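1. Model the structure of this input:
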Amino acid sequence: MHNHGHQKSSVALSSIFASVLLTVTKLVTGILTGSMGIISEAAHSLLDLGAATLTYFAVKVGDRPPDEDHPYGHGKVESVSALIETGLLFVTSAWIIYESIRRLISGNIEVEATWYAFAVIILSIVVDISRSRALGRVAKETKSQALEADALHFSSDIWSSAVVLVGLICVSLGIKGADALAAIAVSLFIALAGYRLGKRTIDVLVDAAPRGVSEEAKNIAESIEGVIAVERVRVRPLGPNVFVEIDIQVSRKISVAKAHDISAKVEEATEKKIPGSDILVKICSKQMDNETIVDAVQAIAAKNDFSVHDVIVDRLDSKQYISYDVEVLDTLTAKEAHDAATILEESIKEEVGNEIIINSHIEPMKCEAILSSELSEEEMESISSALNKTDKEVEEISDLHNLLVRKIGEKFFVSFHCLVPGDLSLEKAHNVTSRFEYLMKDKMKDIKRVVIHIEPK
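-> The predicted structure is shown next:
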């Protein structure tokens, strides 16, 4: 960014020096020859000098980073500079047209087509070609609106100088009035450049969306996996850059982390395909058409900051039943936990239907780590004995390994890995591990929890 700022300032400063040279040379030559066309070109170059000076200061200010008073940066300073330049273009055009018509009517059109008059106009064309290309190149690299405006301006100057050159040739051939007509033609070129520049500048200042950017951003977002639909795309220019706000829909079943990942992918893809874009993605959760009641319960629970599991939905005697385990903070009293669970039940009924019957099992949830204490040899032998006896009773489980036993307070927490048949269904495998845990607790009452990690044979 710093290198771009130096590039922009350098090319703008060189344009100022070129404008000073051309303004002085044209003015002196115009006065000496009496050529209204050359004088109009001197006025045009004076305008160029003012515009180039404005551009120089605009790119210096426009490259400042965002601050507290300008959270979107200072990029629109360049647009204000371009708007002022537009006004100067129209004022100059009007004056030259007026003066040229006055000369044609009064007949005061004596012009001397000297060699240095031709030399000044040719020099002007060469200088404008050179700086127009330089400004255009840097404007494209840095996406500077002010430099792009100057490049457009000076490219039109080439044609206006060419018209004056033709006028001088006509004067040298004895065609009276050609110089004044050439001046009027120059003014029309100036006005045309002003119209083009003004339209672009006003579009930026009123936040007109750059053509095609909204559609491109929408297509990019829709191509990202996990995006159901794009609700809205808003685009506004920010100096040389563009701000893009995209509202996307994602399934409400997915986690917050997954939704954030989808949002990040949308931002990354958009910034890659639309260089210079500043992306803001808003996520909107949406209920899917194929969403089951189990999905709905889990989504509603997540929305209300609850964690639920073992959701079961069944029907009996034309009535629908929903049961689940819901985790609440273990620091709550029984009444507080019940009130929290009731809020979740009411939210589910509000969406799924009041006719359903809900049974929720409240489980305490610990949010802080608990330090475990060391086990004695006798305690470890008791747990190993219970583990071996249970292993013989549950045939589906074999090769117990990675055993870990922790003691928290007066309770034991046991975890281990084991093998189960690879073709065993997940539901049956879960039932087997639940049975193993029940048998372990039955053999040793102080076991609080048994966590079993299954692996296929």
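
2. use CA for all of it now, contacts and neighbours both
-> Will do.

3. domain ranges for the protein?
-> Following automatic domain parsing, one gets these domains for the chain: 2-205, 213-286, 293-365, 377-456.

4. Kindly reformat those as a markdown table containing mean pLDDT and mean neighbour count.
-> Shown next, in a markdown table, are those (pLDDT from 0 to 100; neighbours: other Cα atoms under 10 Å):
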| stretch | mean pLDDT | mean neighbour count |
| --- | --- | --- |
| domain 2-205 | 71 | 20 |
| domain 213-286 | 87 | 17 |
| domain 293-365 | 88 | 15 |
| domain 377-456 | 91 | 15 |
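
5. Can you tell me the centre-most residue of this protein?
-> By Cα atoms, centre = their mean, the chain has its centre lying nearest to residue 279, at 0.7 Å.

6. you'd agree that one is in a strand?
-> Yes: under DSSP: H, G, I helix; E, B strand; the rest coil, residue 279 sits within a strand.

7. what's the helix or strand for the nearest residue to it once chain neighbours are set aside?
-> Sequence neighbours aside, residue 244 is the residue nearest to residue 279 in space, at 4.9 Å (criterion: Cα to Cα, 6 or more residues apart in numbering). If you go by DSSP states H and E, residue 244 is part of strand 241-251.

8. Show me what the helix or strand just after that strand is packed against.
-> Next in sequence after strand 241-251, counting helices and strands by DSSP H and E, comes helix 256-273. Counting contacts by 3 or more Cα pairs under 8 Å, 6 or more residues apart in numbering; DSSP states H and E, helix 256-273 packs against helix 213-222, strand 277-286.

9. Same list (these) but as a markdown table, adding distance to residue 251.
-> Formatted as a markdown table, the helices and strands packed on helix 256-273 follow (distance: least, Cα to Cα, whole Å):
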| stretch | distance to residue 251 |
| --- | --- |
| helix 213-222 | 14 |
| strand 277-286 | 5 |
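
10. Which one of the ones you listed lies nearest to residue 398?
-> Proximity of the helices and strands packed on helix 256-273 to residue 398 was assessed by Cα to Cα; the nearest stretch is strand 277-286, lying at 44.1 Å.

11. Each with direction, which strands does the closest one pair with?
-> strand 241-251 (parallel) (DSSP bridges).

12. which residues sit against the partner strand?
-> Counting by Cα atoms under 8 Å, 6 or more residues apart in numbering, strand 241-251 makes contact with 143, 217-218, 221, 226-237, 259, 276-288, all of which sit outside it.

13. do that again at 7 Å, thanks
-> Residues outside strand 241-251 that contact it (Cα atoms under 7 Å, 6 or more residues apart in numbering): 226-237, 276-288.

14. As CSV, could you dump the C-alpha coordinates of it?
-> Extracted C-alpha coordinates of strand 241-251, given in CSV (Å, rounded to 0.1, in the frame of the first residue of the first chain):
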residue,chain,number,x,y,z
ASN,A,241,-11.7,-0.2,-3.6
VAL,A,242,-15.3,-1.5,-3.3
PHE,A,243,-17.2,-2.5,-0.2
VAL,A,244,-19.4,-5.7,-0.6
GLU,A,245,-22.0,-6.7,2.0
ILE,A,246,-23.5,-10.2,1.4
ASP,A,247,-26.3,-11.8,3.4
ILE,A,248,-26.2,-15.6,3.0
GLN,A,249,-28.6,-18.3,4.3
VAL,A,250,-27.2,-21.5,5.9
SER,A,251,-29.0,-24.4,7.5
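
15. could you check the angle helix 213-222 makes with that strand?
-> For strand 241-251 against helix 213-222, the angle by axes from the mean of the first three to the mean of the last three Cα atoms, to 10 degrees is 40 degrees.

16. tell me the angle of strand 241-251 relative to helix 256-273?
-> Strand 241-251 and helix 256-273 are oriented at 150 degrees to each other (the same axes, to 10 degrees).

17. what about strand 241-251, distance to the chain center?
-> 7 Å (Cα atoms, centre = their mean, to the nearest Å).

18. Now do the contacts for residue 233.
-> Residues counted as contacts of residue 233 (Cα under 7 Å, 6+ apart) are 214, 218, 245, 246, 247.

19. circling back: tell me the spacing between the residue nearest to the centre of the chain and residue 336.
-> Computed as Cα to Cα, to the nearest Å, the residue 279 to residue 336 distance reads 43 Å.

20. got it, and residue 13?
-> Residue 13 sits 72 Å away from residue 336, going by Cα to Cα.

21. cool, and residue 420?
-> For residue 420, the distance to residue 336 - Cα to Cα - is 41 Å.

22. could you pull out the strands for the protein?
-> Along the chain, counting by DSSP state E, strands occupy 229-238, 241-251, 277-286, 307-316, 319-329, 357-365, 398-408, 411-420, 447-456.

23. who does the fourth one pair up with?
-> The sheet places strand 307-316 alongside strand 319-329 (antiparallel), with pairing taken from DSSP bridges.

24. okay, the angle between the partner strand and strand 357-365?
-> Put simply, strand 319-329 runs at 20 degrees to strand 357-365, going by the same axes, to 10 degrees.
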